[in-house]
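Enquirer: Okay, here's the prediction I keep looking at, along with the sequence it came from:
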Amino acid sequence: MKVIFMGTPDFAVGALEAVIQAGHEVALVVTQPDKPKGRSKKMQMTPVKECALSHGIEVFQPLKIREAEAVERLRGYGADIFVVAAFGQILSEEILSMPKYGCVNIHASLLPKYRGAGPIQWAIINGEKTTGVTIMQMDKGIDTGDMLLKAEVPVGEKETGDSLHDKLAKTGATLIVEALSKIESGSITPVKQNEEEACYAKMLNKSMGQIDWHTDAKELDCLIRGLISWPGASTLYRGKTLKVWEEEAVAADEAGNGGLAETEKDGGAEPGTVVKVEKDAFYVQTGSGLLKILSVQPEGKKRMAVKDFLLGYPVEAGEKLGN
């Protein structure tokens with residue numbers, strides 16, 4: 001089929017590669033405009049643009065895809081279908097109805113759960129054991145269109161937002177090729193979403209990464225793993241920001257009694273209190289259970305294992321983290 005592909009971040013790259021390798025004609029790739037990045041503010045191409053250019057595919061980067069000039073440019077290609085994967089702009093009804101087979105979206109959840117901007121992270125934050133990818137026929141709503149294909153993906157106990165992202169991106173790339181084949185042959189049956197089961201994965205923000213030590217240790221574990229790349233989960237230590245990269249939720253008795261005061265053995269310490277320090281970890285009291293901290297990043301420094309952190313920052317039992 002003749003395809004216009006719309007996508008922007010790394011998540012969409014594998015899908016674009018898969019569509020090309022499957023033999024479809026990708027006539028145009030539409031992606032977000034280049035943006036300045038880093039301290040140098042050098043303009044950075046989107047990952048999808050880099051992929052498209054490496055294959056010699058024309059790239060279009062409209063500020064607003066809904067403007068008349070952009071719409072007419074899309075119309076000029078006579079594409080059979082538009083494939084959308086984390087593009088980052090809302091398509092108008094005029095665009096949605098333009099190609100013969102409409103527009104299909106690769107969404108990183110098992111719809112109707114986790115519609116919206118952050119399905120990967122929220123699946124981990126909420127402690128889901130299973131998530132997946134849905135190929136959806138797009139309509140004017142936000143991820144409300146009919147479902148065409150689904151594939152489940154297990155969420156591991158140590159899964160992070162980054163690792164789950166990669167698994168779902170790979171699954172999406174495989175699934176979109178299967179969907180295109182079935183759409184072209186007419187062997188696919190759209191299924192309407194059950195609105196009663198719908199929930200939204202709201203957009204992430206920086207404030208979500210502020211660790212509240214009164215929260216249950218298992219909930220904090222899910223939060224930290226879910227927000228691993230952005231915005232990251234952090235706390236205050238001696239007045240400066242300390243990002244937590246790797247940790248484990250443990251019960252107080254799993255930490256062992258060595259070095260724990262009597263009030264700390266039964267969880268009696270104030271949340272945010274360091275209750276035990278080992279050579280390669282330290283334990284922090286939460287609202288319920290302990291968080292065993294294994295890898296951190298001090299303000300202005302690089303990520304490091306706790307055993308290295310303790311060489312420069314001799315954490316002591318009884319110290320408090322947080323505000």
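Expert: Looks like it came in fine.

Enquirer: Helices of the chain, residue ranges please.
Expert: 10-21, 47-54, 68-75, 93-96, 119-125, 161-185, 217-226, 262-265, 306-312 (DSSP state H).

Enquirer: Just the C-alphas of the fourth one, formatted as PDB.
Expert: What follows is helix 93-96, C-alpha atoms only, in PDB (Å, rounded to 0.1, in the frame of the first residue of the first chain):
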ATOM      1  CA  GLU A  93     -11.600  15.000  10.700                       C
ATOM      2  CA  GLU A  94     -10.700  16.100   7.200                       C
ATOM      3  CA  ILE A  95      -7.300  14.300   7.500                       C
ATOM      4  CA  LEU A  96      -8.800  11.300   9.200                       C
END
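
Enquirer: Quick check: buried residues in that helix?
Expert: The neighbour-count check on helix 93-96 (16 or more other Cβ atoms under 10 Å) flags 95, 96 as buried. All C-beta atoms are positioned from the backbone trio N, CA, C, and that covers glycine.

Enquirer: The last one now?
Expert: Taking 16+ other Cβ under 10 Å as the neighbour-count basis, helix 306-312 is seen to contain the buried residues 306, 309, 310.

Enquirer: repeat for the first one
Expert: Neighbour-count burial for helix 10-21, with 16+ other Cβ under 10 Å as criterion, is recorded at 11, 12, 13, 14, 15, 16, 18, 19, 20.

Enquirer: Pretty sure the third one sits against residue 45.
Expert: No: when contacts are counted by Cβ atoms under 8 Å, residue 13 is not listed as touching residue 45 (11.9 Å).

Enquirer: Indicate which one of the helices of the chain is closest to residue 133.
Expert: Closest of these to residue 133 is helix 161-185, at 4.6 Å (criterion: Cβ to Cβ).

Enquirer: Show me what counts as buried in the closest one.
Expert: 161, 163-165, 167-169, 171-173, 175-180, 183.

Enquirer: Could you chop this protein up by domain?
Expert: 2-201, 206-312 (automatic domain parsing).

Enquirer: Same list, the ones you listed, but as CSV with mean pLDDT and distance to residue 320 please.
Expert: What follows is those, written out as CSV (pLDDT from 0 to 100; distance: least, Cβ to Cβ, whole Å):
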stretch, mean pLDDT, distance to residue 320
domain 2-201, 97, 25
domain 206-312, 91, 5
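
Enquirer: which non-adjacent residue is nearest residue 219?
Expert: The shortest distance from residue 219 to any non-neighbouring residue, by Cβ to Cβ, 6 or more residues apart in numbering, is to residue 127 (7.7 Å).

Enquirer: quick revisit: output the helices of the chain in CSV; the columns should cover distance to residue 107.
Expert: Formatted as CSV, the helices of the chain follow (distance: least, Cβ to Cβ, whole Å):
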stretch, distance to residue 107
helix 10-21, 11
helix 47-54, 17
helix 68-75, 21
helix 93-96, 15
helix 119-125, 7
helix 161-185, 8
helix 217-226, 18
helix 262-265, 45
helix 306-312, 37
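
Enquirer: closest to residue 238 out of those?
Expert: Closest approach to residue 238 among the helices of the chain (Cβ to Cβ): helix 306-312, 11.6 Å.

Enquirer: Now do that closest one: distance to the chain's middle.
Expert: With Cα atoms, centre = their mean, to the nearest Å as the basis, helix 306-312 stands 30 Å off its chain's centre.

Enquirer: strand partners of the longest strand seen in the chain, parallel vs antiparallel please.
Expert: Longest strand in the chain by number of residues (criterion: DSSP state E): strand 240-250. According to DSSP bridges, strand 240-250 forms sheet pairs with strand 233-237 (antiparallel), strand 290-298 (antiparallel).

Enquirer: Nearest approach to residue 206 belongs to which of those strands?
Expert: strand 233-237 (9.7 Å).

Enquirer: list the buried ones in that closest one?
Expert: For strand 233-237, the neighbour count (16+ other Cβ under 10 Å) marks 233, 234, 235, 236, 237 as buried.

Enquirer: Spatially nearest residue to the second one, not counting backbone neighbours?
Expert: Leaving aside its chain neighbours, residue 234 sits nearest to residue 243 (4.4 Å; criterion: Cβ to Cβ, 6+ apart).

Enquirer: returning to that earlier point: out of the helices of the chain, flag the one nearest residue 112.
Expert: That would be, of the helices of the chain and by Cβ to Cβ, helix 119-125, which comes in at 11.2 Å.

Enquirer: Save the strands paired with strand 240-250 as a markdown table, and put in distance to residue 141 too.
Expert: Shown next, in a markdown table, are those (distance: least, Cβ to Cβ, whole Å):
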| stretch | distance to residue 141 |
| --- | --- |
| strand 233-237 | 32 |
| strand 290-298 | 39 |
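
Enquirer: Understood, closing this out.
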